[in-house]
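Q: sequence first, then the predicted structure:
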There are 2 protein chains.
Amino acid sequence: MDKVIGIDVGGTSIKVGLFSPKGELLEERKIPTPALVDEDAYRVVTDGLVRILTAHDSVPEDVIACGLDIPGPVADDGTVGFLPNIQLDAEGLVHAISAALPSATIAFVNDANAAALGELWAGVAHGASSFVLIALGTGVGAGVVVNRRLVAGAFGAGGEIGHITVNKGETRTCGCGRKGCLEQYASAKGVVRMYLEECEAHGVTPVHVEHATDTLSVFRALAAGDDCAKIAVDKMCDYLAFAMAQVSCVVDPAMFLLGGGVAGAFATFAPELRRRFQQYALPTCKDVAIEAASLGNQAAMYGCAYEALRLRAESLGQPLPAAAVVAEQQ
Amino acid sequence: MDKVIGIDVGGTSIKVGLFSPKGELLEERKIPTPALVDEDAYRVVTDGLVRILTAHDSVPEDVIACGLDIPGPVADDGTVGFLPNIQLDAEGLVHAISAALPSATIAFVNDANAAALGELWAGVAHGASSFVLIALGTGVGAGVVVNRRLVAGAFGAGGEIGHITVNKGETRTCGCGRKGCLEQYASAKGVVRMYLEECEAHGVTPVHVEHATDTLSVFRALAAGDDCAKIAVDKMCDYLAFAMAQVSCVVDPAMFLLGGGVAGAFATFAPELRRRFQQYALPTCKDVAIEAASLGNQAAMYGCAYEALRLRAESLGQPLPAAAVVAEQQ
């Protein structure tokens, strides 16, 4: 029976999802791995894949497509760019996986892009012809889907919405070397920093925050009536809405989806975000849907499996199998 | 012999291009028309089409695809939005053309989007997988092509790059009702206005400008060493480069093409535009090609014909015929 695999590549472990070609998740397993740069490490991965397959009465030859999502740029043609956050020899790993899964089409996808494809395959964007997923986490990533296809970008920068300039007056430098990027305000780090700044500016003692990305404490403070938390979250909404309005002028998606850790508080900030988007957007697209993503941290695993499956269908000149089910909302 | 027609719909006339399915322009004719809102007007159009076909030993049944480009929004699903600048009953005209060309697939395309598709079919973007055409004319229009498909947008606002916000501090209102849009600085009107403002601010008598969109005089002044013209054109480049850098963060195209009347001076401002783009862009995509469009005011006529042909191929499940020639640069 045909199987599809999605591998979410992280810093210290990988998460493997085994799927049917219709997008049903059959099993999910975490495999701790050393740096993915030599044969021993590759074997940890491929042995793990074989064990999962065996548990489902499958052999490696059953796998028709295997996608990997990675935290770094992947261009239109599948080329993997520089990966600052993980140790990975992409070429070596592909070689090892190709040897272990001889029938599989392999695909690399950027993690935020993969999350968008996951939502398209089996999430809330199922059936949408175009949408933009914005993942608010440690940074701000995004995936743009247009005409039901991912926009990876000629240089792998498709969906780098976190680096839209939203504040030309910013003096601090973003991780990208430029100033005033959306990521500086709408990432977990940005929200926490803006909260602490507002407290200082107002001479108020902030609530205790565990670490630089502890937005949970900020949103708890907001719920408890903390004015500085309100200002910080409103600012986040303002910059995010402004950036989304620019995105609409370029691709005019049918839907925006908010994902990532910060979006855990989506219900809290959604009304303010929608209100500000309406102020900033071109009148013709101001009523676009702005919703929460549905697949949580499984989205990328779904999406890279889907992309490998799509690549295979394209190379065979076949249509994609229809998704059987839309995964339950988490 | 199969034929394809592209109709460029303007305010007082239409321009008709007769093409082979491979994109060879066989004839181009202008047909003066009254407002396209009644049967008499439709007949002027359809009679004109038949005359052109007859001159090429063809009958209406030979036309397999006919596209129309219009100066207004057209959504993903082909729906035509509000058209402020022309009198056109889109439904009535389609009905009349369908009756006159019984074998033709009909498509509507926004004019700037059509120009982009023209460049893809037979212009300088031939073979590019992604690019953005920016038309600097009375306004600033644009067409975004990704994965070799037009991004029309869910609400017809795909490629509304003229309405990217480039100056949050602007007090004047753009035609769209918002403030600080690219169009306020990079359109012909914007360039002329900025020139006159600079002259006033510096207490200098400007060169004579014929009308509000006479950029020719401004570029002539620039060539003659006029400092205020230099400041105005540099500002245009600055805002345009800033907007293009935002576009790259969304779709990361392989190429930017500059078209429209203002782009007649492309060679003059290109070095400055490229320099400023490099300053604003994400490092990974700062070396994207920035070139002049090649089909001039025929581009939209080519592009709407192409889109109709593409729609037909899609509905028949056939591949598009390969373009035979890339049109000569104008």
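A: Cool, got the structure. All figures in this text were calculated on a predicted structure; none of them were measured in a lab. Numbering: from 1, shown residues only, chains lettered A, B, ... in the order given.
Q: mind jotting down where the strands sit in chain A?
A: Secondary structure of chain A (DSSP state E): strands located at A:3-9, A:13-19, A:25-32, A:63-70, A:105-110, A:131-136, A:140-146, A:149-150, A:255-259, A:289-292.
Q: in the third one, what's buried?
A: Spelled out, that is strand A:25-32. Across strand A:25-32, burial judged by 16 or more other CB atoms under 10 Å in any protein chain shown covers A:25, A:31. All C-beta atoms are positioned from the backbone trio N, CA, C, and that covers glycine.
Q: direction included, what does that strand pair against?
A: strand A:13-19 (antiparallel) (DSSP bridges).
Q: which non-adjacent residue is nearest whichever residue of the stretch 51-200 of chain A sits closest to chain B?
A: With CB to the nearest CB as the measure, the residue in the stretch 51-200 of chain A that lies nearest chain B is residue A:153; the distance is 2.7 Å. Residue nearest to residue A:153 in three dimensions, not counting chain neighbours: residue B:252, with 2.7 Å by CB to CB, 6 or more residues apart in numbering or on different chains.
Q: do residue A:34 as well
A: With CB to CB, 6+ apart, the residue lying closest to residue A:34 is residue A:41, at 4.9 Å.
Q: surely the one you found and residue A:32 touch.
A: No: under the contact definition of CB atoms under 8 Å, residue A:41 does not touch residue A:32, with a separation of 10.7 Å.
Q: ok so, going back, could I get the strands of chain A as TSV with mean pLDDT?
A: Shown next, in TSV, are the strands of chain A (pLDDT from 0 to 100):
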stretch	mean pLDDT
strand A:3-9	95
strand A:13-19	93
strand A:25-32	93
strand A:63-70	95
strand A:105-110	92
strand A:131-136	96
strand A:140-146	95
strand A:149-150	91
strand A:255-259	97
strand A:289-292	97
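Q: show me chain A divided up by domain.
A: Chain A breaks down into these domains under automatic domain parsing: A:3-111+A:296-316, A:124-292.
Q: just the ones you listed: most buried one?
A: Here the criterion is mean neighbour count by mean count of other CB atoms under 10 Å in any protein chain shown, and of the domains of chain A the winner is domain A:124-292, at a mean of 21.
Q: wait, residue A:274 sits on residue A:291?
A: No: shown here, residue A:274 and residue A:291 do not form a contact pair, counting by CB under 8 Å, at 10.1 Å.
Q: now for the nearest residue in space to residue A:79 that is not next to it in sequence: which residues touch it?
A: Across the structure, with CB to CB, 6+ apart as the measure, the residue nearest residue A:79 apart from its sequence neighbours is residue A:156 (7.3 Å). Taking CB atoms under 8 Å, 6 or more residues apart in numbering or on different chains, we find residue A:156 in contact with A:72-76, A:79, A:81, A:110, B:252, B:284.
Q: related to what we said a few turns ago, between the domains of chain A, which gets the lowest average pLDDT?
A: For the domains of chain A, the weakest mean pLDDT is recorded on domain A:3-111+A:296-316, namely a mean of 91.
Q: roughly how far apart are the residue most central in space within chain A and residue B:283?
A: Of all residues in chain A, the one closest to the mean position by CA atoms, centre = their mean is residue A:112, 2.6 Å from it. The gap separating residue A:112 from residue B:283 is 18 Å, by CB to CB, to the nearest Å.
Q: same thing with residue A:12?
A: 28 Å.
Q: pipe the contacts of residue A:156 into CSV and attach distance to residue A:119 per row.
A: Listed next are the contacts of residue A:156 as CSV, based on distance: CB to CB, whole Å:
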residue, distance to residue A:119
A:72, 20
A:73, 20
A:74, 18
A:75, 22
A:76, 20
A:79, 24
A:81, 24
A:110, 15
B:252, 20
B:284, 25
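Q: contacts only, for residue A:227.
A: Contacts of residue A:227 by CB under 8 Å, 6+ apart are A:202, A:204.
Q: before we move on, what about residue A:258?
A: By CB under 8 Å, 6+ apart, the contact list for residue A:258 reads A:133-134, A:136, A:266, A:270, A:273, A:290-293.
Q: likewise for residue A:10?
A: Taking CB under 8 Å, 6+ apart, we find residue A:10 in contact with A:71, A:86.
Q: now do residue A:236
A: Under the criterion of CB under 8 Å, 6+ apart, the neighbours of residue A:236 are A:185-186, A:190-191, A:194, A:262, A:269.
Q: can you rerun that using 10 Å?
A: Taking CB atoms under 10 Å, 6 or more residues apart in numbering or on different chains as the criterion, residue A:236 is in contact with A:136, A:182, A:185-187, A:190-191, A:194-195, A:215, A:218, A:262, A:269, A:272-273.
Q: how far away is it from chain B?
A: Note on residue A:236: its distance to chain B, by CB to the nearest CB, to the nearest Å, is 17 Å.
Q: surely residue A:88 meets residue A:70?
A: Yes: between residue A:88 and residue A:70 a contact is recorded at 6.5 Å, counting by CB atoms under 10 Å.
Q: follow-up on the earlier one: and the contacts of residue A:258 as JSON lines, adding distance to residue B:146?
A: Shown next, in JSON lines, are the contacts of residue A:258 (distance: CB to CB, whole Å):
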{"residue": "A:133", "distance to residue B:146": "16"}
{"residue": "A:134", "distance to residue B:146": "18"}
{"residue": "A:136", "distance to residue B:146": "24"}
{"residue": "A:266", "distance to residue B:146": "28"}
{"residue": "A:270", "distance to residue B:146": "28"}
{"residue": "A:273", "distance to residue B:146": "26"}
{"residue": "A:290", "distance to residue B:146": "22"}
{"residue": "A:291", "distance to residue B:146": "23"}
{"residue": "A:292", "distance to residue B:146": "26"}
{"residue": "A:293", "distance to residue B:146": "22"}
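Q: could you dump those residues into CSV and include distance to chain B?
A: Compiled in CSV, the contacts of residue A:258 are given as follows (distance: CB to the nearest CB, whole Å):
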residue, distance to chain B
A:133, 13
A:134, 11
A:136, 16
A:266, 21
A:270, 20
A:273, 17
A:290, 13
A:291, 14
A:292, 19
A:293, 18
